[in-house]
Structure formats: C-alpha cells, structure tokens
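K.L.:
Following is a predicted model, sequence given first.
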Amino acid sequence: MRLTIAIAGAVLAALSLAPAATAAPENPDMSPMIIGGSYAQNFPYAARLFANGRENCSATKIAPNWILTAEHCVASSATYTFRAGSLDQSSGGQMVTASQIIKHPSADLALARVSPAMSGPFAPLVASVSTGQTVQLYGWGATCTNQPEINCQSRYLKVANTRVTSTNGRDYRGGVAISVSRVDGIAAGGDSGGPMFANGRQVGVASTSDRSTRSNYTSVNHGPYRNWITQYTGV
C-alpha cells in the first residue's frame, strides 16, 4: 500500500520502513534524508526500533519501562524490539522488547511498555517552541536519495538542524504537529518516531517528511498529548 498526505500543497509521506495496515511506507520518488546533518554525540535518549528484527523506525526512551515513538511505526502485527541508549544501532546500549503497545486515538504517537527495565538517563519532555526557532532532529534514517531507503539506513545516530515554520501543523493522522524546514538536514525513511529537541528537551515525534525541505513532528508540547503520555507512563 502506498499513501501520501497533501499538506500545504506539498506531498509529505510517513517515515517508517515496514508496511503496515494504516501506515504509509516511504516514497522512493521523493528526494532526500537524516539526509544531510551530522553524527550525533552525547545523546543517550535514543532507541532504534526493530519490527520482527528488521530496522524500521527511531524512538526515545522516556522512563525505565517506556519508549515513545510514532503510531504508524507500530501499526502492524509484529514483535517490536529496541536498542536503547546507544548511538550505534548495531551494538551497545540495551536490547528491550515491547510487552504492550498503546496507540494514541487520533495523533501519530505510540507508547511501548518494554522489558527489562532500561537504565537512565531519559529524555526530558516539553520546552518552549516558537516560529523561527532552530530545533534538532535525531534518527537513524535514510542517508541516500538514489536507491530504496532501507538500503542506506545510517548505522550511527544522526542529527540535523531545522527551523520551525509552524507550531500548528498536521501529522500523518491529522494530529497537531510542529512543522520545520531544512537548515542542514531533514528527516527521511527510518527517522519516524524519532525525537525533535528544543533547548535540551523533546518537543516532537517524527511523523512525515517530503525528504527534501520539510518535516512534521507530532507535538509533545500539545497539552492533551502531554497529558496522555503522563497518564500511562507517569512522566
């Protein structure tokens, strides 16, 4: 199944790599990744998501037994595992398995209850975000534009600077999102579910991108979404 969403006159597609009943795989016809950007350093919060052992999305550890990611990353029936706390998706950190997946009813957000318990630190949530501000995107997604994105996933976590264009954009499911434009990089397939950081705190979760200049990240700052996270995780 191949679906795209028209947002503000431009086509943006979901960023997971594995097809799912309600998710859109990457569109290989779209030009760029994190395409551009640089390798991340000193970022202990990230988690690489694997579906049935296959690299699929990015995520964030937010509590000892909880990981935050995108709903479309966990929309299919699969065994979801995560390598948490390592910049290298192939080694280090902790391997944990999801025992429960909780999907937000209307936004592109999901929580995975995992075991065994993860060690800290954990991503701090919510910070002030305004139009024109520079924010950072993190993920292990595609770094190429001339072949299927699954063939060029980054082994090491990448980071890109982007500029906020709206705090009232829309994510893959029509939820409230922070929209950004490229500064030195942009999100691509495999970056879905990964974090957007502002002032040292997570403010968004990767949802859609045109792989060239624009991305939408579901807003963790949005009050109802923040309350939903707290309801289940206590953080």
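P.N.:
Alright, I've got the coordinates.
K.L.:
what pLDDT, on average, does the longest strand anywhere in the chain get?
P.N.:
Secondary structure of the chain per DSSP state E: the longest strand is strand 158-170. Predicted confidence along strand 158-170 averages 97 (mean pLDDT).
K.L.:
CA-only coordinates of that strand in CSV, if you can.
P.N.:
Extracted in CSV, the C-alpha atoms of strand 158-170 (Å, rounded to 0.1, in the frame of the first residue of the first chain):
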residue,chain,number,x,y,z
LYS,A,158,22.4,11.4,13.1
VAL,A,159,21.2,14.9,14.0
ALA,A,160,20.0,17.8,11.8
ASN,A,161,19.2,21.4,12.5
THR,A,162,15.9,22.6,11.2
ARG,A,163,13.8,25.8,11.6
VAL,A,164,10.3,25.9,13.0
THR,A,165,7.8,27.2,10.4
SER,A,166,4.6,26.4,12.4
THR,A,167,3.5,25.0,15.8
ASN,A,168,0.1,24.2,14.4
GLY,A,169,1.0,21.8,11.6
ARG,A,170,-0.5,18.3,11.0
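K.L.:
what's downstream of it, the next helix or strand?
P.N.:
Note on strand 158-170: by DSSP states H and E, the next helix or strand toward the C-terminus is strand 176-182.
K.L.:
Next, the buried residues of that following strand.
P.N.:
With burial defined by 16 or more other C-beta atoms under 10 Å, the residues of strand 176-182 counted as buried are Val176, Ala177, Ile178, Ser179, Val180, Arg182. Placement of C-beta: from N, CA and C, glycine included.
K.L.:
partner residues bridging the fourth one?
P.N.:
Pointing back at Ser179 there. According to DSSP bridges, the partner residues bridging Ser179 are Ser166, Asn216.
K.L.:
Are we agreed that Asn227 is in a helix?
P.N.:
Yes: Asn227 forms part of a helix when assessed by DSSP: H, G, I helix; E, B strand; the rest coil.
K.L.:
Can you give me the neighbour number for it?
P.N.:
Number of residues near Asn227 (other C-beta atoms under 10 Å) recorded here: 9.
K.L.:
what do you get for Gly92?
P.N.:
Gly92 is flanked by 12 other residues according to other C-beta under 10 Å.
K.L.:
can you tell me which residues contact the nearest residue to it once chain neighbours are set aside?
P.N.:
In space, and not counting its chain neighbours, Gly92 is closest to Ser86: 3.6 Å by C-beta to C-beta, 6 or more residues apart in numbering. Shown in contact with Ser86 (C-beta atoms under 8 Å, 6 or more residues apart in numbering): Ala46, Arg48, Gly92, Gly93.
K.L.:
now that we have the residues you listed, which one has the most neighbours?
P.N.:
Ranked by neighbour count (other C-beta under 10 Å), those have Arg48 at the top, with 28 neighbours.
K.L.:
Secondary structure element holding that residue?
P.N.:
If you go by DSSP H and E, Arg48 is part of strand 46-51.
K.L.:
Run the angle between that strand and strand 158-170 for me.
P.N.:
Calculated by axes from the mean of the first three to the mean of the last three C-alpha atoms, to 10 degrees, strand 46-51 forms an angle of 80 degrees with strand 158-170.
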